[in-house]
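[1] Give me the fold of what follows.
(2 chains)
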There are 2 protein chains.
Amino acid sequence: MSTTLRKKRAADAAAAAGVDALLVTHLPDVRYLCGFTGSSAALILTNGAHRRAVLFTDGRYTAQARAEAAGTRVVIAPRPMQAACEWLVKSRVKRCGFDAAQTTVASLSAMRKAIAEAANARSSKPKLVAVKPLVARLREIKDAEEIQRMRAAAAIGCMLFDRMLAFMQPGMTEMAVAAELEHAARLAGAEGMSFETIVASGVRSSMPHGHASSAKLPRRGFVTLDFGVVLEGYCSDMTRTIHLGPASAAERHAYDAVLEAQEAGVAAVRAGVSVGDVDEAARSVLRRAKLDKWFTHSTGHGVGLEIHEAPRLAAKATQRLEAEWWLQLNPAYICRGNSACASKTPL
Amino acid sequence: MSTTLRKKRAADAAAAAGVDALLVTHLPDVRYLCGFTGSSAALILTNGAHRRAVLFTDGRYTAQARAEAAGTRVVIAPRPMQAACEWLVKSRVKRCGFDAAQTTVASLSAMRKAIAEAANARSSKPKLVAVKPLVARLREIKDAEEIQRMRAAAAIGCMLFDRMLAFMQPGMTEMAVAAELEHAARLAGAEGMSFETIVASGVRSSMPHGHASSAKLPRRGFVTLDFGVVLEGYCSDMTRTIHLGPASAAERHAYDAVLEAQEAGVAAVRAGVSVGDVDEAARSVLRRAKLDKWFTHSTGHGVGLEIHEAPRLAAKATQRLEAEWWLQLNPAYICRGNSACASKTPL
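    Below you'll find the model as predicted:
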């Protein structure tokens, strides 16, 4: 989907929310809408008779903003947010929406002050109105280009996991495993990791978010890897637990139950199903195995330009999964996320 | 400094700000105050007759929170923020401060709703009061243990830069340089990089924030490296520009002016000086060299648990640099930040 169409959709969503402009400051939203990847940005979309899109950033990004945000007017200012507020006044915007989930109390206060100062001696000033995360909502359903990028990122993840299977040996530190994994990710073209790589071995494997430490991989025991790469801005996310050496009956029982739960969760994913039902499909397997009290995590979450995106697949959540027309026509695009991921079995 | 003392200082700052409790939700602040490194946390400090500190997190972090936040009471709840709000009501807190710069408009609204629900049918309910970034302010001045960690992180940075000098060759991609650098960082013990590694070569070296791309290092031209590592939670940050092959007179002029500006900035750093004066010390060198219009960046910023911390060393900023007693007694702790950093000349 072109950024032109994305901007149009966001402006339409703003109109539906009852505002005549939308101020976007969350950087992944800015990137999604206009392509700009810099660390300082405010994007205004208007939905009046003359639709406009203006990106405000600072002088560090003059060259980059014009190259990346082609098709969007770029304004360079020492204080981009203040410039954006002045623009709202000058353009006689009446109601400008902002994302309450991405705007701090201090920012809102600073924006209101900037508007009040710019509107000085003018008859009317724009009103800043909290709106729902409209752009995050658009970003939930990926378009074909995004899915292609996410598949490419996930494919690197699969390749890395296979490499780590061959690489890991008892006695090696968790950090050495993370080092090898991240180096291979970079050489495969990743821009970076989508979060701090987790390698948790032995008793540490009970910590779902245990960062790689100087602990050594055991001769007998579990090792949990949780990692992702960023490719063309899009994140992959993959958690896999393996066992080194012979496993006890209790360890096999736990491993098999988790694998079965994961597969049940994946099998439950389709358009129209509620996210709570997907969670329950996985959770009920663990309940039967009498392991559910240890399942303190939710079952899954969206990924994309950010590592955690809506929807969140949590117990009893009611949001329904959706799919765009092209996805319904192309079921092969849905890739199985289990340990046999390298084979990419279409559902 | 012990976390006990840090919590006491934060509670004292809250008392001075006119609130009887402080709700801390910014994760680096939580880590600073109680040691917990998980991704879901709300910490309440009270400053009444009975000082209390309670950390709220979710079931993913049961083991980790109790281990890391020893000395702080830990409450595990499915919705930690809601549990924190209920605790405020139950504990009859009157005014609870929150950091306006770290709290979104949506979070504030959710917290007020949680408090209203919990306070139902009770006589009084806690008032949430926006306060300045009190914990960020404490974090500006590092204690001896923090400086030690930051020096260790910076020492890895220096070692990596020396290695990259030997490694970089014309024709190599920027991403290959980033891959080597990050791998060496991991093997040296870094938990990760403090931000996405920047390798910008040839014409790309004009972009202060140009991420490593598939562009190849030139036979003749600049290469800018900007990178940092995280070690025991603390960030390093180092930008160095080198030139491959013979440099033209204009290139030498620019390089020498930037080096001179950097050294002038470093030389201006001492307790009592305003940050704007440090910026001006660097900027005036570039002005004399007629290059100041290209200096679109500020001169510097604090680092610590986060890669960007106060103070920001920007043009005309008035904040004054401070130093704690032990730093005044130990000037050798101040390390020169220039290209000859590996030699760590004390000022």
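
[2] What segments of the stretch 201-347 of chain A are strands?
    Assigned by DSSP state E, counting those that start in this stretch, the stretch 201-347 of chain A shows strands spanning A:221-227, A:229-231, A:234-235, A:238-244, A:300-302, A:309-313.

[3] Can you check the pLDDT for the single nearest residue of the stretch 201-347 of chain A relative to chain B?
    Going by CB to the nearest CB, chain B is nearest to A:Thr296 of the stretch 201-347 of chain A, at 3.4 Å. Using the backbone N, CA and C atoms, a C-beta is placed for each residue, glycine as well. Per-residue confidence (pLDDT) for A:Thr296: 84.

[4] Same question for A:Thr4.
    As predicted, A:Thr4 sits at a pLDDT of 93.

[5] Contacts only, for the residue nearest to it when sequence neighbours are not counted.
    Nearest non-adjacent residue to A:Thr4, counting by CB to CB, 6 or more residues apart in numbering or on different chains: A:Gly71, 6.1 Å away. The contact partners of A:Gly71, taken as CB atoms under 8 Å, 6 or more residues apart in numbering or on different chains, are A:Thr3, A:Thr4, A:Cys34, A:Ala53.

[6] Let's see the PyMOL selection covering just the buried ones among these.
    To isolate the buried members of these in PyMOL, using 16 or more other CB atoms under 10 Å in any protein chain shown:
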select buried, chain A and resi 3+34+53
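
[7] TSV for the contacts of A:Gly71, including secondary structure?
    Below are the contacts of A:Gly71 laid out as TSV (DSSP: H, G, I helix; E, B strand; the rest coil):
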residue	secondary structure
A:Thr3	helix
A:Thr4	helix
A:Cys34	helix
A:Ala53	strand
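
[8] Out of the contacts of A:Gly71, which comes closest to B:Thr318?
    A:Cys34 (35.0 Å; CB to CB).

[9] Distance check, the closest one against chain B.
    In this view, A:Cys34 and chain B are 17 Å apart by CB to the nearest CB, to the nearest Å.

[10] for A:Gln82, same thing?
    From A:Gln82 to chain B the distance is 14 Å (CB to the nearest CB).

[11] Counting neighbours, what do you get for that residue?
    Neighbourhood size, A:Gln82 [other CB atoms under 10 Å in any protein chain shown]: 19.

[12] Check the offset of the host helix or strand of it from the chain's centre.
    Using DSSP states H and E, A:Gln82 falls within helix A:80-90. Distance of helix A:80-90 from the chain centroid (CA atoms, centre = their mean, to the nearest Å) equals 29 Å.

[13] Ok, stretch A:240-248 next?
    Relative to its parent chain, stretch A:240-248 has a centroid offset of 30 Å by CA atoms, centre = their mean.

[14] so where's the longest helix in chain A?
    Secondary structure of chain A per DSSP state H: the longest helix is helix A:144-167.

[15] What is it packed up against?
    For helix A:144-167, the elements it packs on are helix A:174-187, strand A:221-227, strand A:229-231, strand A:234-235, strand A:238-244, judged by 3 or more CB pairs under 8 Å, 6 or more residues apart in numbering or on different chains; DSSP states H and E.

[16] Ok, which of the ones you listed comes nearest B:Lys216?
    Using CB to CB as the measure, helix A:174-187 is the one of these that comes nearest B:Lys216, at 15.3 Å.

[17] hmm, that closest one in reach of chain B?
    Yes: legend: contact between helix A:174-187 and chain B by CB under 8 Å from any CB of the partner chain is shown at A:Met175, A:Ala176, A:Ala178, A:Ala179, A:Glu182, A:His183, A:Arg186, A:Leu187.

[18] partner strands of the next helix or strand after that helix, parallel or antiparallel?
    Following helix A:174-187 in sequence order, the next helix or strand is strand A:192-193 (DSSP H and E). Here strand A:192-193 has these sheet partners by DSSP bridges: strand A:229-231 (antiparallel).

[19] so what pLDDT did the residue lying closest to A:Lys127 once chain neighbours are set aside get?
    Setting aside the residues directly before and after it, A:Lys127 is nearest to A:Arg95 in space (CB to CB, 6+ apart), at 5.2 Å. pLDDT, A:Arg95: 97.

[20] So what does A:Arg95 look like in phi/psi?
    phi -130, psi 120 (degrees, to the nearest 10).

[21] burial of A:Pro246, as a residue count?
    Residues lying near A:Pro246 (other CB under 10 Å) number 9.

[22] Much appreciated, bye for now.
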